[in-house]
Every structure is written in C-alpha cells, then in structure tokens.
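Visitor: pasted the sequence and its predicted model underneath.
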Amino acid sequence: MQRFIAAFLAVASCASIAHAQSSEPASTSPPLTLERALTLAGAAAPTLEAATAGVRAAEAGRTVAGYRPNPLIVAETENIAGSGQYRGVRSAETTAGLAFPIELGGKRSARIAVADAIGNRARIGSALAEADLRLAVTQLYIEATAAERRLVTAREQAGIAREALRAAGVRVQAGRASPLEQQRADVLRINAETAVERAQRLADVARDNLARRIGQPVTGVLDMAWYDRIEGYGPAQPIAPAGTLALAAAHADATTAEAQVRLARSQRIPDVTLSASARRLEATNDVAAVFGVSIPIPLFNSGRASVTQARAQSDQAQALRRAAELDTAQDIARAQVEVANAATSARNASGPALASATEAARIARIGYREGKFGQLDLLDAERTLSETRTAAIDALATYHDAKARLERLVAAAPSLEENDR
C-alpha cells in the first residue's frame, strides 16, 4: 500500500512538473513588441532632440553663411577745437556717408560650401543618433526578455525542486530511501527558491531600465516569440561597408575639411571697402562729395598659415576616412561571423541539446519513481536540464545582441542629394 501511494504521488508530481514546464503566465493584453518599444523610445529620447537641434543649428548656419557683409555708416568731423582760425567749429568739415564692404576671392560661396558640409554632417549625426538609440533599446529589450525567460525557468526549477522534496519525503516515509535524500532535496529547494528571488530582481531591473528608455512603465508581457526566433541559414553574404553610416560620417568630415581649405584660401584675398559720403564745410556752408576705397595690407598675417592648417586638417580627415573604411569592413566581417556562430549555438542549445536534456530528466524522474535510479542520478539530470535551459537563454540573448550590433554597423546613411543641390 505504501509503495502504491508513493508511486501515485510521484506520478502526480511528474504531471505537475510537466504542466509547469509547458505553461507561462497568460495575459490578455498584447505583448510589448520591439518595434513598439523603438517607437516609444524615439518619442522620448533626449539624444534625438539634441541631434534635431543640431540639424536646425546647421540650417541656420547655412542661412547666415549666405548673407553679405552689412554696410557701414561713416560720420566724422574735422578741423575743430584747434587754434587760430580752427578755434571752435567755425572751420569744421563734417562728413557723413556709407561704406560698402565687397568680398573678393569667393568668400561667400566658400562659406556656403562649409555650411552645406556641416549641415550634411549634422543630418548624418542625427541618423547616427537614431541608430545608436535603436541599438540601445534593442539591447535593453533583449536583456528584459532574457531576464523574463530566466525567471520562468527559475520558477519551473523551483517547482521541480519542491516536487522532488515531496517525492523524497514519500520515499523516506515508505522506507525506500534514507532521510539523507530528503535533506538533500530540501537544500536544493532552498537554493532554487533563492534563485527565483535573484531572477525576479534582475527581471524587475531589466524592465525598469527599458521603461526609462521608452518613457512609460513596462507592465505587460514581452514578445517571447521574437526572442525565440532565429533567422538565416547557410553562409552569410559579405556586406560591403559602402553606404553605411560610419563611412558616411567619415566622408562628411573629409568634405567639411576640404571646404575649410577653400575658405582659408579665399580669405587670403583682401576685401575692398568702397565709401560714398557728403562733406559740409562750415566756413562756406558748401557741400561736396567724398568717395573712398580702402584695402587691407596683408603685411603681418597673409593667411598662409591658415591655409596650411586647413590643409593639414583635410589630410587628417582623409586619412581617418580611409581608416574608417578599413575598420568598418573589419567590424562588419567580424559581426557577421559572430551572428552566424551565435545562431548556430542558439539553434543547438534550444533544439537538440535542450530536447536531449529534457528527455534525460524525464527518464531520470521515472527511474527514480520506480526505484531504478538513485537520487544522485535524478539530481544530475535535473542540474543538466537547468544548465541547458540557461545556456539556451544565454545563446539566444547573444544571438540577438550580435544581430543588433551588426544592424547598427550596416545601417544605411540618409540620402543627401537634395541638400547637396
């Protein structure tokens, strides 16, 4: 009779364990998908606000660069407060007029070219901010989904540990096992419940971090179907770095530096200031016209050093552009390999390896129930199953993280043709 009761309880324990492993908390609300999280984060991201403000500033700078120099009002009085016939204002000569600075050497067009290059770089910077935000939100979403999956696994393992303790107690009461098995099972139960508490805290922190980024609490379920999805089979096609944001930023920096060289060269040519005034002679009450021209003499600062500096900065930008091409190509190739390796590991860990560990644990439970296997065999199978589940979760997280970093590297640069025109 005691053996029948023990077998019945063991069967009930296995059924409850299987139900715990196949069930997850149900929710009527739709899951928070990654795309939804990205949309919410984009509406509340200060980095995007800063990038947008930078674009507006560059557009305003383009307007300023197109302005011509303002005219000057010229007014002066001569031959006053002197001696003799120049005492007082009797012989004063008052001149009033306008002066018009005229830019030579193509300074205005050079300024516009620099402003256009800066504007294009600001737009690329805005796209970079969006890509960085997408990567950050995706990584937080991966962290939150992985933490949620670890919490579910920890709860299932805690349920298994409680059922194992109950089964061990039945076996001890039936005289089929020593009290040591019950004590060992109780220790495992305590450790499993402690693991649940740790997983709960990590899941709460991951949800809070995601909530801070998207600007609203994360209370519903997450898209676990997306987390379990592994894309791509076979060798990946090489991806060329041309057209990526990283290279576009380097090209924009080089273009800006080259425009600065042209501006420095144009500034070597002195500007001319033309003036037209009317002069009134106090002594005779006559009025005469005065025309003038002024040209600065580049005696001390001829602008050659500025051109040399701009040329050196342009050479530096060109070298950095070439280095960016090499680094981007290497990073993309490395990221593709990491994605492929992570996908293989995730498929194996969540497929054949997990199925084998699950079947081994099932056989160990049946064998332990029927007295064919000892408790150590059961505990070893359960530990292997727990480790395989954890490895599958980690492999999926690594895969999604590698995929997100690859997407960040190959993010396409925005089209700037309209701005160039």
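Guide: Perfect, thanks for sending it.
Visitor: ok, Val218 touching Asn209?
Guide: No - in this structure Val218 lies outside contact range of Asn209 using CB atoms under 8 Å: 9.4 Å. To be clear about C-beta, it is placed using only N, CA and C from the backbone, and glycine gets the same treatment.
Visitor: more crowded one of the two?
Guide: Comparing Val218 with Asn209 by other CB atoms under 10 Å, the one with more neighbours is Val218, at 21 against 16.
Visitor: hmm, back to that, what's the overlap in contacts for Val218 and Asn209?
Guide: Common contact partners of Val218 and Asn209 (CB atoms under 8 Å, 6 or more residues apart in numbering): Ala144.
Visitor: residues contacting the residue nearest to the spatial centre of the chain?
Guide: Residue closest to the mean C-alpha point of the chain, counted by CA atoms, centre = their mean, is Asp132 at 1.7 Å. Applying CB under 8 Å, 6+ apart to Asp132 gives the contacts Thr47, Arg408.
Visitor: and the end-to-end length of stretch 340-359?
Guide: The first and final residues of stretch 340-359 sit 28 Å from each other (CA to CA, to the nearest Å).
Visitor: list the contacts of that stretch.
Guide: Residues outside stretch 340-359 that contact it (CB under 8 Å, 6+ apart) are 228, 230-232, 235-236, 381, 384-385, 387-389, 391-392, 394-396, 398-399, 401-403.
Visitor: those in strands, which ones?
Guide: With strands identified by DSSP state E, none of the entries of those belong to them.
Visitor: can you show me the strands along the stretch 251-400 of the chain?
Guide: If DSSP state E, counting those that start in this stretch is used as the criterion, the strands of the stretch 251-400 of the chain fall at 272-281, 286-294.
Visitor: which neighbours does the last one have in its sheet, and in what orientation?
Guide: Going back to what we said before, that points to strand 286-294. With DSSP bridges as the criterion, the sheet partners recorded for strand 286-294 are strand 272-281 (antiparallel).
Visitor: average model confidence for the strand it pairs with?
Guide: Model confidence over strand 272-281, given as mean pLDDT, is 92.
Visitor: can you give me the buried ones in it?
Guide: For strand 272-281, a neighbour-count test (16 or more other CB atoms under 10 Å) marks Thr273, Ser275, Ser277, Arg279 as buried.
Visitor: okay, and for the stretch 1-150 of the chain, where does confidence drop off?
Guide: The stretch 1-150 of the chain contains residues with pLDDT under 70 at 1-28.
Visitor: in it, which spans are helices?
Guide: Using DSSP state H, counting those that start in this stretch, the helices found in the stretch 1-150 of the chain span residues 2-22, 34-43, 46-65, 107-173.
Visitor: just those helices: most buried one?
Guide: Most buried of the helices of the stretch 1-150 of the chain, by mean neighbour count (mean count of other CB atoms under 10 Å): helix 107-173, with a mean of 21.
Visitor: let me see the mean pLDDT of whichever helix or strand comes after that one.
Guide: Toward the C-terminus, helix 107-173 is succeeded by helix 179-214 as the next helix or strand (DSSP states H and E). Across helix 179-214, the average pLDDT comes to 90.
Visitor: in helix 179-214, what's buried?
Guide: For helix 179-214, burial by neighbour count (16+ other CB under 10 Å) applies to 181-182, 184-186, 188-189, 192, 195-196, 199, 202-203, 206-207, 209-211, 213-214.
Visitor: circling back to that earlier point, can I get the strands of the stretch 251-400 of the chain in CSV including distance to Gln260?
Guide: Compiled in CSV, the strands of the stretch 251-400 of the chain are given as follows (distance: least, CB to CB, whole Å):
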stretch, distance to Gln260
strand 272-281, 24
strand 286-294, 27
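Visitor: closest one to Gly303 among those strands?
Guide: In terms of CB to CB, the element of the strands of the stretch 251-400 of the chain nearest to Gly303 is strand 272-281, at 16.0 Å.
Visitor: contacts for that closest one, please.
Guide: Residues from elsewhere that reach strand 272-281 (CB under 8 Å, 6+ apart): 72, 74, 92-102, 104, 286-295.
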